[in-house]
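1. Kindly return the folded structure for what I paste below:
(chains A and B)
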There are 2 protein chains.
Amino acid sequence: MTPKRRARLAVSIVCEPGDPRLPALLAAHGPMGLIDAIRADRQLEGRPWPSAWIHRVQSLDQRLARAERLAEVAGLRWVVQGDRGWPTGLDDLDHVEPLHGATGAPVGLWVRGTGHLADLCATSVAVVGARDCTPYGAEAASEIAADAAAADVTVVSGAAFGIDASAHRGALAMGRPTVAVLACDAATDYPRAHAALLSRIAESGLVVSEQPPGHVPTKPRFLSRNRLIAGLAGGTVVVEARRRSGSLNTLHWADRLGRPTMAVPGPVTSQQSGGTHQAVRDGKAVLVTGGSDVLAELAGLGAPEPESITSTATEFDQLPAPAQRALDALSWRGARSARDVAAAANLGPHNVAKALELLARRGLAERAGDGWLLVRRADLA
Amino acid sequence: MTPKRRARLAVSIVCEPGDPRLPALLAAHGPMGLIDAIRADRQLEGRPWPSAWIHRVQSLDQRLARAERLAEVAGLRWVVQGDRGWPTGLDDLDHVEPLHGATGAPVGLWVRGTGHLADLCATSVAVVGARDCTPYGAEAASEIAADAAAADVTVVSGAAFGIDASAHRGALAMGRPTVAVLACDAATDYPRAHAALLSRIAESGLVVSEQPPGHVPTKPRFLSRNRLIAGLAGGTVVVEARRRSGSLNTLHWADRLGRPTMAVPGPVTSQQSGGTHQAVRDGKAVLVTGGSDVLAELAGLGAPEPESITSTATEFDQLPAPAQRALDALSWRGARSARDVAAAANLGPHNVAKALELLARRGLAERAGDGWLLVRRADLA
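-> Here you go, the predicted model:
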């Protein structure tokens, strides 16, 4: 590992990944300058270093050696800014305000697996949601992921129980690679029950983390991990989330990044859809009902023209006036003779026959014995 | 009946209620002037009368006598503009463009029942939707209607099978009056299977129609009836509707009237929610998940502040820095001693104890044997 790459690793060990102070410090002093200054306890910009950084830098060499040893055993690769494999979309995070005490592009990413991170993320969507999801939510997540995968859109998620796992599996079932972003290091199978799933993901896609090998998942790391899911993906879909759920946090990051934010509705009686409904109500996410809606949002196409919801409007309006009057004279409660229709619609025998034939062709009327009936249609309330 | 009131009835008999030409003709010539001109086949504004109007005016006296006889038998009242019982909100319809060949305030309304129409509609909401609804939709409609009724908001609907009937029943079950607007005349129990429901509605509320007694429901009358539902109510909720369903037509009228338009989401796998999802996606309706959302929209309060969806943000950010560092040092995979937490968080023994106690009080950490565990919470993904 080159000194500069190792310096980035050192930063991720000494300073908690996602620390909001890092983007400015790295931009001003570079990773080597930053580590040297902390090690020498030499203040930059007149501010003392956080005591935790001073504490960790004192045992940096052992920590670095341990991380590199663990990475080697697990076959992890260290991808940093400037590498061809670096997804440049992550750099947008440097301009987003902190949330839960984290922000900024990661100092680097550890990846496990055969995929090429930048290529995989070039066209991608995050599909995330509740761990305690319903069978409905799991099914919806898998379907959306499968549709995205089939369209060569990489599914990015967090490998958690519930929606995340269903999303990864939906993509894998289509034989397409998927990207899992962990809150612990990339070498650890977390949750442990997903060891086989994570191995499967690494076969064609990638397991990704900004945490140095050896770091365990903590609450803040779950929350700062979410910014990477949003930052790696071209847009974010939340499938199920309770109100105030952490899954909505990923939506927040996508929103701040100016990328499409989407939410799947569900039964209003389901608490697991409470957060997605709230996000739509608050204008924080667009409602999507499936893969085609998601692909349209990612393509910036959005919803179809509003006119389409009242397209039955034109069906009546486009009829010639005699046919409108004949239609008006028909009932679905009992057949009326052409003669009665003619009288009610004030039409001659020839015109009423023409009008009724037209209505029959349009599926609006039908013969019933000697008379005519209005066709009963489910699309008319 | 005074000659002027009878002239309005004559207009509703001669000219199909909802004819888009009526608002201007009535404003310019009044009901009596209009009927006189049609009867005399005297052109107004240089245009010949529609042949259907000429046809009907020839037998107007018999038609009037029949309508009045039917109304008397059924105990209908005829409410017209200027009456104390007239809901003035209907007059807004005179300024809405035609849809399906209909628009405008009704010439008058026939009402059956004991309710006071203007009072009932002063605070009201239309709850409408699919006839072929699901049990989920029926339940949602009843719940919303019950919540509205409990808040003294009158439920207006169309007495159709499915969502409409569930909405009426939800209000009646709370012992509150409800208003049913029919596409046939107000004397007819339509659908016939709802005869008992309509009688129940008339006991405390009203069964309403703009159609003269004797008029049967036809396709155009169902569509023009929807404008009255939207025009009588302070806002419209669609609970379930297939894509391109006629139920969305009521939403369209409410939208054109500038009144709150709302739609209830459902499973994306349900065709009966396809139209409501589309309406939300198209920005034609606000997503509502229950009675409280509906009441908020009617009150013009709308959705709560967007910030609330990420309110967990502040939970971590509001902790003092030592508590943040202590939290960071905890794991939910295994307990850590206070001493280990102190080392990792770079805190003294007193400060780490204080920090851990604070985290315990906030429900973020808990004692486990001699050590401390991060509390596993469903709201963190």
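2. mind listing what the one residue in the stretch 251-381 of chain A that gets nearest to chain B touches?
-> The minimum distance from the stretch 251-381 of chain A to chain B, using C-beta to the nearest C-beta, falls at residue A:265 (3.3 Å). In short, each C-beta sits where N, CA and C put it, glycine included. Going by C-beta atoms under 8 Å, 6 or more residues apart in numbering or on different chains, residue A:265 touches A:273, A:276-277, A:280, A:287, A:289, B:265-268, B:273, B:277, B:280, B:287.
3. Most neighbours among those residues, please name it.
-> In terms of neighbours by other C-beta atoms under 10 Å in any protein chain shown, the contacts of residue A:265 top out with residue A:276 at 35 neighbours.
4. mind checking which helix or strand that residue is in?
-> helix A:274-281 (DSSP states H and E).
5. Indicate whether that helix makes contact with chain B.
-> Yes. Applying C-beta under 8 Å from any C-beta of the partner chain, one finds helix A:274-281 touching chain B at A:274, A:275, A:277, A:278, A:279, A:280, A:281.
6. can I assume the third one is in contact with residue B:280?
-> Okay, so that is residue A:277. No. Counting by C-beta atoms under 8 Å, residue A:277 does not reach residue B:280; the two are 9.8 Å apart.
7. Now for those two: what residues contact both?
-> Common neighbours of residue A:277 and residue B:280 (C-beta under 8 Å, 6+ apart) are A:265, B:265, B:287.
8. just for chain A, where's the confidence low?
-> A:302-315, A:317, A:376-381 (pLDDT under 70).
9. how does it divide into domains?
-> Domain ranges of chain A: A:74-298, A:312-374, per automatic domain parsing.
10. For residue A:215, give its distance to residue A:16.
-> According to C-beta to C-beta, to the nearest Å, residue A:215 and residue A:16 sit 9 Å apart.
11. same question, residue A:43
-> In terms of C-beta to C-beta, residue A:43 sits 20 Å off from residue A:16.
12. These two: who's more crowded?
-> Ranked by neighbour count (other C-beta under 10 Å), residue A:43 and residue A:16 place residue A:16 first, with 23 against 11.
13. Residue A:133 looks like it's in a helix, true?
-> No. Counting by DSSP: H, G, I helix; E, B strand; the rest coil, one finds residue A:133 to be coil, located in no helix.
14. Tell me who's in contact with it.
-> Counted by C-beta under 8 Å, 6+ apart, residue A:133 has contacts A:141, A:162, A:163, A:166, A:239, A:240, A:272.
15. Look up the closest residue to it, ignoring the ones flanking it.
-> The shortest distance from residue A:133 to any non-neighbouring residue, by C-beta to C-beta, 6 or more residues apart in numbering or on different chains, is to residue A:162 (3.8 Å).
16. residues in contact with the one you found?
-> By C-beta under 8 Å, 6+ apart, the contact set of residue A:162 is A:129, A:130, A:131, A:132, A:133, A:137, A:138, A:240.
17. try 7 Å
-> Contacts for residue A:162 (C-beta atoms under 7 Å, 6 or more residues apart in numbering or on different chains) come out as A:129, A:130, A:131, A:132, A:133, A:138.
18. My read is that the first one contacts residue A:136, right?
-> If I follow you right, that is residue A:129. No. Residue A:129 is not in contact with residue A:136 according to C-beta atoms under 7 Å; the separation is 11.4 Å.
19. Who has more neighbours out of the two?
-> Neighbour count, other C-beta under 10 Å: between residue A:129 and residue A:136, residue A:129 has more, with 35 against 20.
20. which parts of the stretch 51-200 of chain A sit against chain B?
-> A:51-52, A:55, A:99-101, A:128, A:131-132, A:136, A:140, A:158, A:160 (C-beta under 7 Å from any C-beta of the partner chain).
21. Of these, keep whichever come out buried.
-> A:52, A:99, A:100, A:101, A:128, A:131, A:136, A:140, A:158, A:160 (16 or more other C-beta atoms under 10 Å in any protein chain shown).
22. Now residue A:167. Nearest residue, chain neighbours left out?
-> Leaving aside its chain neighbours, residue A:167 sits nearest to residue A:127 (3.7 Å; criterion: C-beta to C-beta, 6+ apart).
23. ok, back up a step: make JSON lines out of the shared contacts of residue A:277 and residue B:280 and add distance to residue A:360.
-> Shown next, in JSON lines, are the shared contacts of residue A:277 and residue B:280 (distance: C-beta to C-beta, whole Å):
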{"residue": "A:265", "distance to residue A:360": "39"}
{"residue": "B:265", "distance to residue A:360": "38"}
{"residue": "B:287", "distance to residue A:360": "40"}
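24. Return the closest of these with respect to residue B:327.
-> Taking C-beta to C-beta as the measure, residue B:327 sits nearest to residue A:265 out of those, at 34.0 Å.
25. What separation is there between that closest one and residue A:235?
-> 17 Å.
26. Repeat that for residue A:31.
-> 31 Å.
27. Distance from the helix ranked longest in chain A to the middle of the chain?
-> Looking across chain A with DSSP state H, the single longest helix is helix A:22-39. Relative to the chain's own centre, helix A:22-39 is displaced by 33 Å; criterion: C-alpha atoms, centre = their mean, to the nearest Å.
28. Same check on stretch A:318-336?
-> 49 Å.
29. try stretch A:259-270
-> For stretch A:259-270, the distance to the chain centre is 11 Å (C-alpha atoms, centre = their mean).
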